[in-house]
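Chemist: what's the 3D shape of this:
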Amino acid sequence: MASTKEKIELRPYQKILSQQCLEDDGNYIVTLPTGTGKTMIAFTLMCEALKRHQMKKIVFLCTTQILAEQQALYFTEFKKQNADIESVGVEKFIGTMKITNNMENRVMFVTPAKFYSFLNQCYDRKDKEGFEKAFGRYSMFIFDECHNAVTLETSNNKSESNHFYHEILRLYKEGQTTKAQQSRPKIIGLTASPGDGQDCVRRLADMFEGQLTLLSETEQKDMMKYCKIPSTEKIALYEDPGCEENLNILTKILDDVNVRKKSLQKYGMFDDISVCEKLTAVWRIFGWGDKNPMMHDDEIKKIKLFYKFEEYNTQVQNLYQSKVSPVIQRVENIIEEALPTNKKISEFRAIVFVKNIVSAQLLAKHLNEKLENVYADYIVGRAEDKKETQQNKIEEFRKGNFNVLVATSVVEEGIDVRSCKLVIRTEPPQTIITNIQSRGRARYPEAEYKILCVNSDEKTEVIKLEEKEEVLNKYLQSRPTVTRKPCTTSWSDMSPPPILHKPQEKASSKSPVTELKEYLEKKYGKAEVKYTEEKVGNGFVGKCTYDGEVFEGELRGNKREAKASAAMAALEALKQRKQIQPGTLHLDDSYDSSPSPSPSSISKKSYVTVLKEAIEANRGTFEKMDAKKCNMDENSKLWTQTWEYNGQVFEGIGTSKSKAKDAAAKDALEQLFPEHLN
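Modeler: Below is the predicted model of the structure:
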C-alpha cells in the first residue's frame, strides 16, 4: 500500500475492470491472481459509490477479523487520495463491537457472521417494505474472498454452504419485486480462486447473480507483469535416501488411524476422533512413540484429554518402533537454506502451514530451539484466541520482530505480508482453492512454495490439482454467463450524484430557508417565496421563486435538502449583488442600508456571455466554439451540452437546455479563462 504522500495510480487492467463493474446495474465477481490488486479495484468502486449515493452506506465483508482490521486500515489510507470522500467515516467491527442502525460512519468493515446477525434482526418479513428497509440503506456490498459463499464440489457432497456469505446472499435474493430490486445494493465479489471446478464457479456466479470480469489476452499479459507467482516444488520425501523405512511406518500408522476414526464415528466417540486427528498431525511432522514431543510438553500435559493422547501414542509405540519423521528434518533444512547469510536476514519471512493448533505450538517452539537466526511464533484460529493478539502477531511478523510464522488455515486467505519469500505446507492441499490461497502468501519476488509429500499418492494428488487449476483458468476466460437482476438504480447513469449540504464555515444556526425569509422581510418588506422540488435521477432539484425570479438549487438526496439548496442559491445570488456575508444576514460595513431595488430588477451575466467576452478579449472568435447537440438522458431527465474549442472538450449538465449550456460555458471558463470568473 502506497503512503498517502505518494499518489496511488491504478494499473491499466485495474482501470478496465473497475469500468466493467460500473458499466451497468448488475453484480460482478473480480477474479485476479493473488497480489495483483483486487482490493484497489474494490476501493475505487467504493469511492464511486460514496459519491453517487451520498445518503447510503457501504459494507466490506471479510472472512476473518484479522482481514477486517487490515482492509479497514488500507482503505483509511486510500481515501486520503480523494478529496471528495476524505472526510467519510470508517468503522471496523471486531471483537464484541455491535452494529447499530444509527451508525454515523458510512463505510463498515465487518465479518459476515456479525453482519448477518445484524441484517437478520433488521429484516422484518411481515412488513411489506421490510426488505427495502433492511437493504435500502446500503449502496454496495464487497465480499472479500467471495468463493466461501459456495460449498466445494466433492464426490460425496454438493450440499449448500453453511458459510455466512451464503446466508447473507440468501437474504439478498429474497428481494424479487421491482421495488425491492431497486433497493438492493450492488455486490462486488473478490477472489483469486473462484471455485474448485467449473460447476463450483457456475454456482458461485448464480449465487451472486453476478458476471465474472474478463481481461483480453493483451490485458492479461499486462496484468502478468505485476503478478509475482512463486516457484512451486513438490518435495517427494519418500525419494530421500534413508527416509523410506520411516515413511512406510508413518503411512501404515496413518492408514490404521483412518480405519479407527471410521469405527469411532460409528459409535459417536467424537472426543476420541479429535484425539486421533491431533495425534496424526503431530506424528506426521515430528515422529511417534518417544519421538512425539506432545509426550514431553508440560503445557500439553495439562490438556483434559491428555490421557487419551498418551494411550493412543503408547499403542502405536507398541506396534512400531519410535522414529523421527522426515518431515521435521526437511522443514529445518528448507528454512536453513532459505535464510540469507548476509545483513539481509532482517528481510527474511517464512510461513509454515500445519493442520492444527497443537502442531503449530510445538513446531514454533521446536524451530526456536533448533535453528539459529530463526525467531518463530504461531497463530491459530481457535475461539479463545483474542483477535487483537492475532492482529498484533501479524503486525509483528510484518515488521520482522519474528521471521517464521507457523499457522493453521486462518492465514491462508488474504493476509498481506509482501516480504514473505517462503511458504511451506507440511501436508498437501486438498482443493484448488487451498492451493491457490496458500501459494498466494508467498508475495516476495522470486519467492518459493514447497509442498511436502510423504508418499507417491500425495504427490499424484497435487499434480491432479494443478492440472484441474489449468483447466479452470481456461474456463474462466470464457466468462460464464448467468441470469442477472438489477440492483441499486442508476449505477450506469453518470449524472451528478445527490450531494449533502455542507454549511459554510461562518454559517448561522438558522436554516437557509429561514435566513432567506428573514432577509427578504427586512429588505423588501415581503417574503412571498414559493418552493418546488422536482425528482431528477436519484435525487431532487429545488427551485425558489420570488418576485418573478427563479433561483435553482443543486441536485440533493431528498426534498428538504433540495429546498435548502434553492434557498441558499437565492442567498448567494443576493450576496453577489449586495455583499451579504456567507451564510448569515449580517451586512458588511460597505453595504448601503438605503431601500434596495427588488432582485428581479438586477441583471446578472450568464456564463455564456462571460465566455463570449473572454474569447473576444483574447482575440478569438466565439463562433469557433463548436457546440454539439444538447441531449437529454431519459432516465435522469438531465440535459448534457458538449462544446469543443481549439481541440479541447467542455461539458455541462443541467435540468434544462439553458442550464446545461451555461454549465458547459462555466467548464470552459474554468479551464481557459479562470481570471474571468472573479
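Chemist: can you map out the strands along the stretch 1-150 of the chain?
Modeler: With DSSP state E, counting those that start in this stretch, the ranges of strands along the stretch 1-150 of the chain come out as 27-31, 57-61, 90-93, 107-110, 138-144.
Chemist: Would you mind confirming that residue 412 makes contact with residue 436?
Modeler: No. When contacts are counted by CB atoms under 8 Å, residue 412 is not listed as touching residue 436 (9.5 Å). The way it works is simple: take the backbone N, C-alpha and C, and place the C-beta from them, glycine included.
Chemist: Helix or strand next in line after the lowest-mean-pLDDT helix or strand in the chain, which one?
Modeler: Sorting the helices and strands of the chain by mean pLDDT, DSSP states H and E puts strand 626-627 at the bottom, at a mean of 64. Using DSSP states H and E, the helix or strand that directly follows strand 626-627 along the chain is strand 631-632.
Chemist: partner strands of that next one, parallel or antiparallel?
Modeler: Its sheet considered, strand 631-632 pairs with strand 639-645 (antiparallel) by DSSP bridges.
Chemist: now what about the helix or strand following the strand it pairs with, what contacts it?
Modeler: Along the chain past strand 639-645, the next helix or strand (assigned with DSSP H and E) turns out to be strand 648-654. Contacting residues not belonging to strand 648-654 are listed as 495-496, 638-644, 659-668, 671-672 [CB atoms under 8 Å, 6 or more residues apart in numbering].
Chemist: Give me the subset of those residues lying in helices.
Modeler: 659-668, 671-672 (DSSP state H).
Chemist: Quick one: the strands in the stretch 201-350 of the chain, in order.
Modeler: Using DSSP E, counting those that start in this stretch, the strands of the stretch 201-350 of the chain run over 210-212, 231-236, 287-288, 323-324, 350-353.
Chemist: nearest to residue 566, of those?
Modeler: Closest to residue 566 of the strands of the stretch 201-350 of the chain, according to CB to CB: strand 210-212, at 39.9 Å.
Chemist: Tell me which other helices or strands that closest one touches.
Modeler: Here strand 210-212 is seen to pack against strand 27-31, helix 198-208 when contacts are counted using 3 or more CB pairs under 8 Å, 6 or more residues apart in numbering; DSSP states H and E.
Chemist: which of the residues in it are buried?
Modeler: For strand 210-212, the buried set under the neighbour-count rule, 16 or more other CB atoms under 10 Å, comprises 210-212.
Chemist: Looking at the strands of the stretch 1-150 of the chain, which is nearest to residue 194?
Modeler: Taking CB to CB, strand 27-31 is the member of those nearest to residue 194, at 5.1 Å.
Chemist: for the closest one, what is the average pLDDT?
Modeler: In this model, strand 27-31 has a mean pLDDT of 93.
Chemist: tell me the angle it makes with helix 198-208.
Modeler: For the pair strand 27-31 and helix 198-208, the angle between their directions (axes from the mean of the first three to the mean of the last three CA atoms, to 10 degrees) equals 140 degrees.
Chemist: what does strand 27-31 rub up against?
Modeler: Taking contacts as CB under 8 Å, 6+ apart, the residues outside strand 27-31 that touch it are 17, 20-21, 38, 41-42, 146, 186-192, 194, 204-205, 208-213, 476, 484, 487.
Chemist: To residue 631, which of the helices and strands packed on strand 210-212 lies closest?
Modeler: Of all the helices and strands packed on strand 210-212, strand 27-31 sits nearest to residue 631, with 28.0 Å by CB to CB.
Chemist: tell me the angle the closest one makes with strand 138-144.
Modeler: Using the same axes, to 10 degrees: strand 27-31 against strand 138-144 is 30 degrees.
Chemist: can you give me how far strand 27-31 is from the chain middle?
Modeler: Remark: strand 27-31 is offset 12 Å from the chain centroid, using CA atoms, centre = their mean, to the nearest Å.
Chemist: Pull the residues that contact the helix or strand harbouring residue 361.
Modeler: Remark: residue 361 resides in helix 357-370, with elements defined by DSSP H and E. Under the criterion CB under 8 Å, 6+ apart, residues 278, 281-282, 285-286, 293-294, 297, 299-300, 328, 331-332, 335, 352, 354, 374-380, 382, 404, 406-408, 426 lie in contact with helix 357-370.
Chemist: measure the nearest residue to residue 676 once chain neighbours are set aside to residue 605 for me?
Modeler: Using CB to CB, 6 or more residues apart in numbering and skipping the chain neighbours, the partner closest in space to residue 676 is residue 614 (4.4 Å). To residue 605, residue 614 is 11 Å away according to CB to CB, to the nearest Å.
Chemist: of the two, who's got more company?
Modeler: More neighbours surround residue 614 than the other of residue 614 and residue 605, with 20 against 10 (other CB atoms under 10 Å).
Chemist: pretty sure the more buried one is touching residue 666, no?
Modeler: No. No contact is recorded between residue 614 and residue 666 when judged using CB under 8 Å, the distance being 11.6 Å.
Chemist: re the thing from before, deepest-packed of the helices and strands packed on strand 210-212, please.
Modeler: Most buried of the helices and strands packed on strand 210-212 by mean neighbour count (mean count of other CB atoms under 10 Å) is strand 27-31; its value is a mean of 26.
Chemist: about what we covered before: would JSON lines of the strands of the stretch 1-150 of the chain with distance to residue 451 be doable?
Modeler: What follows is those, written out as JSON lines (distance: least, CB to CB, whole Å):
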{"stretch": "strand 27-31", "distance to residue 451": "23"}
{"stretch": "strand 57-61", "distance to residue 451": "30"}
{"stretch": "strand 90-93", "distance to residue 451": "34"}
{"stretch": "strand 107-110", "distance to residue 451": "33"}
{"stretch": "strand 138-144", "distance to residue 451": "26"}
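Chemist: The ones you listed: lowest mean pLDDT?
Modeler: The stretch with the lowest mean pLDDT among those is strand 90-93, which comes in at a mean of 89.
Chemist: count of neighbours near residue 370?
Modeler: The tally of other residues near residue 370 (other CB under 10 Å) stands at 14.
Chemist: And the pLDDT for it?
Modeler: The model reports residue 370 with a pLDDT of 93.
Chemist: Count the residues that sit near residue 367.
Modeler: The burial count for residue 367: 22, using other CB under 10 Å.
Chemist: Name whatever forms a beta bridge with the nearest residue to it once chain neighbours are set aside.
Modeler: By the measure of CB to CB, 6+ apart, the closest residue to residue 367 outside its immediate chain neighbours is residue 376, 4.2 Å from it. In this structure, residue 376 has beta-bridge partners residue 404, where bridges are defined by DSSP bridges.
Chemist: For residue 376, report the pLDDT, please.
Modeler: Each residue has a pLDDT score; the one for residue 376 is 95.
Chemist: Quick check, it in contact with residue 401.
Modeler: No. Counting by CB under 8 Å, residue 376 sits too far from residue 401 to count as a contact (11.5 Å).
Chemist: Tell me which of these two has more neighbours.
Modeler: The residue with the greater number of neighbours, taking residue 376 and residue 401 and applying other CB under 10 Å, is residue 376; the counts read 22 against 12.
Chemist: ok, now which ones touch the more buried one?
Modeler: Contacts for residue 376 were tallied using CB under 8 Å, 6+ apart; they are 363-365, 367-368, 402-406.
Chemist: mind checking pLDDT for the nearest residue to residue 120 once chain neighbours are set aside?
Modeler: Closest residue to residue 120 apart from its sequence neighbours, by CB to CB, 6+ apart: residue 171 at 7.0 Å. Here, the pLDDT recorded for residue 171 equals 90.
Chemist: Next: residue 8.
Modeler: On pLDDT, residue 8 comes in at 77.
Chemist: Same question for residue 445.
Modeler: Confidence for residue 445, expressed as pLDDT, is 85.
Chemist: any idea how far the closest residue to residue 336 other than its chain neighbours lies from residue 191?
Modeler: Counting by CB to CB, 6+ apart, the nearest residue to residue 336 once its immediate chain neighbours are dropped is residue 371, at 6.3 Å. Using CB to CB, one obtains 35 Å as the distance from residue 371 to residue 191.
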